Structures are given as C-alpha cells and as structure tokens.
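>>> I'd like to go over a predicted model; first the sequence, then the structure.
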2 protein chains.
Amino acid sequence: MTRFQLEIRVVPRPGLLDPEGKAIQSGLLSLDYPDVQEVRVGKLLLIELVADSPKGAMDMATSMCERLLANPVTEDFQIQILEENENSE
Amino acid sequence: MTRFQLEIRVVPRPGLLDPEGKAIQSGLLSLDYPDVQEVRVGKLLLIELVADSPKGAMDMATSMCERLLANPVTEDFQIQILEENENSE
C-alpha cells in the first residue's frame, strides 16, 4: 500500500451566490481595500490516505467528494495528488 | 492598472488541533473510508483585484491576510497569482 497526500479544492460554482465571499469583500472594503473586485471562498482539504495506486487514491477521493465533501448542486471540486510515499508495512 | 486573479490558501498550522478536519474524518469513517488517515481543512480564497504591478498585488494580498483573512496565531497563508490582465480603462 502507498500513502498519498491529496489536495482537494471545493469551490462554489461560478455565477452562484457566495455569501461568505461577499461578507469578506465587504470586510475588506471597510478596512480600506477598495481595489478588491471579487472574493469567492472555497474549502481546501488536505487528506492523507493509503491506497494501492494513484488511480485508487483518485477514485476514493472522487467518491468522498461526491458523497460528503462537496455539495453536488452548488460546488465543483478538483483533486490533486501532492505526494506519494511507499509504505513499508 | 492591471487586474489580477489571486488564489490565497489559508491552512491551520501543522500540529494544531483542527476540529473541522477531525469531524470530516469521522464522517468519512462512518461512510466506510477507513483508509483516510488525516484530514485538515483550510480556506481557499479566490480574489480579483486591480493593482499597478504583480508586486503591488502581492503586497496588498499579504496585508489583507495579516489584517483579516488569516488568524496569525493558528493559520499560515500562501498567495499565488493565477492570472493577470491588462485593463484598458
């Protein structure tokens, strides 16, 4: 088995309302950053898991996103393998 | 002035407790993903702003992180310029 470090980016779909982003933008405006034109907020998930292959790790992560990590109606996700270490166990 | 798209990653410092990550990990366990060994959760901020140079954009983003976007005690941040468009205005 190999240990993988994955990064999953979950971001609101373009065009959808992003209340957290709007709140941050208005906070930045009141701190005097008028040059900020848009803020969108997503989640960054750093996950360590063991799998037998890169494909196995990607498939597991995709399934986790579809079932728990991302909202299929409002969010998109991207998965990237950051690191891969042979496990001697 | 140039319009920049920046990505800011705000992640909990290594070694610090990350309750949201633990909650997601236990959710994944109960959905039968026992191979997940660690989950850490950060924020991903996608920001559009205008500045006169890449350095100006990076400086503005650093200052925003220090003042509002990241918790200086518990979080680290990384800023990256994704795109840069000349503005004809």
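Thanks, I have it.
>>> the longest strand seen in chain A: which residues count as buried?
If you go by DSSP state E, chain A has its longest strand at strand A:36-51. Residues of strand A:36-51 classed as buried under the neighbour-count rule (16 or more other CB atoms under 10 Å in any protein chain shown) are A:36, A:39-51. No exception for glycine: its C-beta is placed from N, CA and C like everyone else's.
>>> from those residues, pick the one nearest residue B:15.
Nearest to residue B:15, judged by CB to CB, of the buried residues of strand A:36-51 is residue A:46 at 13.6 Å.
>>> quick check: the closest one vs residue B:64, distance?
22 Å (CB to CB, to the nearest Å).
>>> repeat that for residue A:75.
The gap separating residue A:75 from residue B:64 is 24 Å, by CB to CB.
>>> kindly report the same for residue A:12.
Remark: distance between residue A:12 and residue B:64 (CB to CB) = 20 Å.
>>> near chain B, which residues of chain A?
Within chain A, the positions lying close to chain B (CB under 8 Å from any CB of the partner chain) are A:3, A:9-11, A:24, A:27-28, A:31, A:33, A:35-51, A:60, A:64, A:67-69.
>>> switch to 6 Å and redo it
By CB under 6 Å from any CB of the partner chain, the part of chain A that sits against chain B consists of A:9, A:27-28, A:31, A:33, A:35-42, A:44-50, A:64, A:67-68.
>>> ranges for the strands of chain A?
Chain-ordered strands for chain A, with DSSP E as the definition, fall at A:2-12, A:36-51, A:75-86.
>>> could I get these as TSV with mean pLDDT?
What follows is these, written out as TSV (pLDDT from 0 to 100):
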stretch	mean pLDDT
strand A:2-12	96
strand A:36-51	96
strand A:75-86	95
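>>> make JSON lines out of those strands and add distance to residue B:79.
Listed next are these as JSON lines, based on distance: least, CB to CB, whole Å:
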{"stretch": "strand A:2-12", "distance to residue B:79": "15"}
{"stretch": "strand A:36-51", "distance to residue B:79": "13"}
{"stretch": "strand A:75-86", "distance to residue B:79": "18"}
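>>> which residues does the spatially closest residue to residue A:8 that is not a sequence neighbour bridge with?
Across the structure, with CB to CB, 6 or more residues apart in numbering or on different chains as the measure, the residue nearest residue A:8 apart from its sequence neighbours is residue A:45 (4.2 Å). With DSSP bridges applied, the residues forming beta bridges to residue A:45 are residue A:8, residue B:41.
>>> farthest-separated two in the buried residues of strand A:36-51?
Across the buried residues of strand A:36-51, the two members that end up farthest from each other (CB to CB) are A:36 and A:50, 41.0 Å apart.
>>> relative to residue B:86, how far out is residue A:77?
32 Å.
>>> more crowded one of these two?
Remark: of residue A:77 and residue B:86, residue A:77 carries more neighbours, 20 against 7, as counted by other CB atoms under 10 Å in any protein chain shown.
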